[in-house]
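Participant: Generate coordinates for the sequence data below:
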Amino acid sequence: MVEFRIDRRSGVATYVQIVQQTKQALRLGVLQPGDQLPTAREVVEATAVNPNTVLKAYRELEREGLVEARRGLGTFVRKALGAAPTDSPLRAELSDWAVRARAAGLEREDVAALFAAVLSEHFTTTERQQG
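Facilitator: You can find the predicted model right below:
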């Protein structure tokens, strides 16, 4: 099951963080079709966010066709995203790179900015919008 971590200082809306973290879990295979998302109540208890914020995120995921709400049962994953297995050699290389970046004194935000810049160089705008 996915556990949401909300960064109130990020400048990213809370519901967007929930959507993004759900999509990441789908891409990494943490969530699979048929899996149940935490209930709104569970997310509220774990993160202290407004229940309407959780419901807004879940509605957005449902609108995108990634999850479906089943009345009285909860919200369930409909489809997976991408193929980035956690045991991939690319993940290991990226992990090694992150260790080197940290050892070089880069902060998390520096690494994120650098990685985003490299992604922008290698992926088109259309490809980014699809993900």
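
Participant: host element of Thr75?
Facilitator: strand 74-77 (DSSP states H and E).

Participant: Spatially nearest residue to the residue nearest the centre of the chain (excluding sequence neighbours)?
Facilitator: Closest to where the C-alpha atoms of the chain average out (C-alpha atoms, centre = their mean) is Gln21, at 2.1 Å. Nearest residue to Gln21, sequence neighbours excluded (C-beta to C-beta, 6 or more residues apart in numbering): Phe4, at 5.5 Å. In short, each C-beta sits where N, CA and C put it, glycine included.

Participant: For the one you found, which residues are in contact?
Facilitator: Neighbouring residues of Phe4 by C-beta atoms under 8 Å, 6 or more residues apart in numbering: Gln17, Ile18, Gln21, Pro38, Val43, Ala46, Thr47.

Participant: Of those residues - the most surrounded one?
Facilitator: Ile18 (26 neighbours; other C-beta atoms under 10 Å).

Participant: Please, which helix or strand holds it?
Facilitator: Going by DSSP H and E, Ile18 is part of helix 14-27.

Participant: Ok, Leu94 next?
Facilitator: Going by DSSP H and E, Leu94 is part of helix 89-103.
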